[in-house]
Structure formats: structure tokens, C-alpha cells
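Participant: Got a sequence here, can you build the structure:
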Amino acid sequence: MQTKKLNFFEQIYYATIRPNQYYRLTKVSGGRLTGFIFLFIFLISLFSIIPLFIETFGSHGISQMLNEIPDFELSGGQLYVEERYELDEGGSYILIDTSINRFTDEDVPDGYYQCLLISRTNMINAKSYGRTQEVRFSDIPGLHFDNDNLASLLPFFYLIIIIAAVFIYLYLLAIYLLGALIYSLVGLFVNYLGHVRLTYAAIFKTAIYSKVSIRILYSIIDYFGLSLNGYFRGLIAILATCAYVAFGILSHSSEEAHREVGIPGGY
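Facilitator: Here you go, the predicted structure:
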């Protein structure tokens with residue numbers, strides 16, 4: 001079997017612009033196809049990971065947040081915070097006031113989905129459905145924690161972000177290949193009806209490339225925060241990908257395909 005030496009950008013070009021020439025893509029070697037998948041999913045992952053990295057490492061990231069946290073110290077079962085903090089937003093209420101010795105259930109205000117009250121000696125977490133939890137700092141008398149301790153955890157937090165990025169990449173890779181496997185069933189159906197006589201390996205390659213266009217489109221949409229109804233989004237993805245699969249399979253029956261690569265079915 002003669003393989004095509006298409007580079008990454010040529011594969012993108014044929015996968016997105018030339019579904020009627022997918023017969024070129026099914027002759028790409030297994031090694032080049034594997035490299036294409038890993039690189040393509042990596043670039044797609046960047047659209048998901050870049051906002052996370054900007055939030056984490058940017059000018060308003062974690063380091064800046066740590067600098068804005070008021071001085072605090074938890075020691076000897078008591079908490080000391082330099083400034084009073086209050087947040088009332090979106091059905092949530094948070095109050096940190098260590099000038100108050102202790103909060104009780106009676107201090108929990110009504111009308112909030114979630115309420116968090118923190119005093120010098122305890123913390124109360126209350127839910128709208130009636131569940132209330134109290135943590136007494138005296139139950140952990142040996143714990144000492146302050147701004148310096150929090151800052152020392154920053155490298156570990158960065159490590160967690162990097163590990164999360166790797167898992168996002170692996171997740172997107174697995175989902176992509178699983179989707180290609182499902183769409184290859186559509187390819188088998190088209191292959192049978194069209195009497196194209198492709199092998200399953202060629203059909204699976206077609207399914208892999210057929211997902212490229214819609215994946216690029218939705219990555220751009222997500223990156224710019226554009227809104228698209230979930231049902232409508234899924235329907236477009238299915239119809240577009242099935243169309244690419246059908247055109248890709250049937251492209252092997254064209255006269256051009258016969259002239260360039262010979263009789264279909266030998267891939």
C-alpha cells in the first residue's frame with residue numbers, strides 16, 4: 001500500500017475544505033495519522049486550557065489574589081483576620097468578622113441559598129434546605145496557619161493546575177477517538193450502500209478526519225464565549241460530521257480517486 005506524506009496543515013486542509021478528496025487522507029500512514037491526532041487535540045486543548053492559565057498565572061491570577069488577602073492567623077483554636085469581610089451576591093452570603101467571639105444558628109440570615117459565617121472561634125455553613133454545619137477551631141488546637149503558610153502552598157497549586165491540564169488533554173483525546181469510533185458506524189453504512197468496498201481501517205480514518213471541521217468551529221465558539229443552544233449545537237455537530245463521513249467515503253468512488261490511487265478497498 002502506497003501512503004501519502006501529507007503534513008499536518010495539508011491534512012487540516014483536506015479534512016475541512018476538501019471532503020470530496022478524502023481518498024487522499026485514507027492513504028496517510030498510521031504514524032502520520034497518530035501524530036496528527038495528538039497534535040490536533042493538543043492545539044484544540046489550548047483553547048480550553050489558555051483561559052485557565054490566564055486566570056491562574058495572569059496579572060489578576062492567584063499570586064495577586066494572595067497579595068489582596070488580608071493578614072490572618074489561625075492559632076491556638078482562634079482565628080484573627082485583620083479586616084472584616086462581607087459578600088452578598090447571587091443568593092450567597094459570606095461574613096468573616098473575628099471581632100465576634102462566636103456565631104450561632106440564630107445569626108444565620110434568611111433568604112439565602114448558602115450562608116457562611118466565620119467568627120474568632122467557629123465557622124457556620126448553612127444551606128437553604130435547613131442543613132447547618134459548625135466547625136469549632138478549638139477542635140484543631142494544634143493547627144497553625146497564616147498568610148505565609150498559604151503562600152508556601154502556591155507551587156503545589158500550580159502543579160495541580162498542570163496535572164489538570166494534562167487530564168483535560170487526555171479526556172479530549174479519548175472523547176475524540178470515541179466519537180470517531182461511533183461515526184465509523186455511519187461510514188460502514190455509507191460504504192455498504194455506496195458499494196465503495198473500503199476496509200474498516202480506511203473508514204475509521206475517514207471518521208477521524210470528519211470531526212476536524214466541527215471541532216475547530218466549536219473550539220473557536222467556546223474560546224470567545226459565544227452562546228449556542230446545547231441541543232442545536234449537538235444536532236449541527238451530528239449532521240455536519242455525518243455529511244463529512246458520507247462525502248469522504250463516496251470520494252473513493254470518483255474518477256479522480258481511481259486515477260490517483262487506484263481501485264478503492266485496497267487501503
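Participant: contacting residues for the residue nearest to Ser75 when sequence neighbours are not counted?
Facilitator: Closest residue to Ser75 apart from its sequence neighbours, by Cβ to Cβ, 6 or more residues apart in numbering: His144 at 4.8 Å. For glycine as for every other residue, the C-beta is placed from the backbone atoms N, C-alpha and C. For His144, the contact set (Cβ atoms under 8 Å, 6 or more residues apart in numbering) comprises 73-75.
Participant: Does Thr16 touch Ser210 like I think?
Facilitator: No. Thr16 is not in contact with Ser210 according to Cβ atoms under 8 Å; the separation is 10.1 Å.
Participant: Look at the two and report which has more neighbours.
Facilitator: Ser210 (29 against 16; other Cβ atoms under 10 Å).
Participant: how about the lengthiest helix in the chain: buried residues?
Facilitator: Taking DSSP state H as the criterion, the chain has its longest helix at helix 154-193. By neighbour count on 16 or more other Cβ atoms under 10 Å, the buried set for helix 154-193 is 161, 165, 169, 172-173, 176-177, 179-180, 183-184, 186-188, 190-191.
Participant: Check the residues you listed and tell me the two furthest apart.
Facilitator: Ile161 and Asn191 (44.1 Å; Cβ to Cβ).
Participant: How are the helices of the chain distributed by residue range?
Facilitator: Counting by DSSP H, the helices of the chain are 8-16, 22-25, 30-57, 62-68, 147-152, 154-193, 200-210, 212-223, 230-250, 255-261.
Participant: Remind me what the fourth one packs against, helices and strands.
Facilitator: In this case it means helix 62-68. Under the contact criterion of 3 or more Cβ pairs under 8 Å, 6 or more residues apart in numbering; DSSP states H and E, helix 62-68 touches helix 147-152, helix 154-193.
Participant: Below-threshold pLDDT in the stretch 151-267 of the chain: ranges please.
Facilitator: Counting by pLDDT under 70, the stretch 151-267 of the chain has low-confidence residues at 261-267.
Participant: what does the domain assignment say about the protein?
Facilitator: Domain ranges of the chain: 8-56+157-261, 77-143, per automatic domain parsing.
Participant: Check the ones you listed for me and report the most buried one.
Facilitator: Highest mean neighbour count among the domains of the chain (mean count of other Cβ atoms under 10 Å): domain 8-56+157-261, with a mean of 16.
Participant: can you give me how far it is from the chain middle?
Facilitator: In terms of Cα atoms, centre = their mean, to the nearest Å, the centre of domain 8-56+157-261 is set 17 Å apart from its chain centre.
Participant: Same question for stretch 134-142.
Facilitator: 37 Å.
Participant: I'd like to know which of the buried residues of helix 154-193 is nearest to Phe247.
Facilitator: Val190 (9.2 Å).
Participant: how close does the spatially closest residue to the closest one that is not a sequence neighbour get to Leu143?
Facilitator: Nearest residue to Val190, sequence neighbours excluded (Cβ to Cβ, 6+ apart): Ile249, at 4.5 Å. Per Cβ to Cβ, to the nearest Å, Ile249 is found 64 Å from Leu143.
Participant: Also Thr56?
Facilitator: Applying Cβ to Cβ to Thr56 and Leu143 gives a distance of 27 Å.
Participant: doesn't Ile96 make contact with Met80?
Facilitator: That one is not Met; residue 80 is Tyr. No. The criterion here is Cβ under 8 Å, and Tyr80 misses it with Ile96 at 11.0 Å.
Participant: ok, back up a step: next one: phi and psi at the residue nearest to Ser75?
Facilitator: In terms of degrees, to the nearest 10, the main-chain angles of His144 are phi -130, psi 120.
Participant: Quick check: it vs Ile118, distance?
Facilitator: Distance, His144 to Ile118, using Cβ to Cβ: 17 Å.
Participant: How about Ser92?
Facilitator: 14 Å.
Participant: Likewise for Glu10?
Facilitator: In this view, Glu10 and Ile118 are 59 Å apart by Cβ to Cβ.
Participant: thinking again about what came up before, may I see the helices of the chain organised as CSV, with distance to Tyr85 added?
Facilitator: Listed next are the helices of the chain as CSV, based on distance: least, Cβ to Cβ, whole Å:
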stretch, distance to Tyr85
helix 8-16, 50
helix 22-25, 58
helix 30-57, 21
helix 62-68, 11
helix 147-152, 14
helix 154-193, 21
helix 200-210, 52
helix 212-223, 33
helix 230-250, 37
helix 255-261, 68
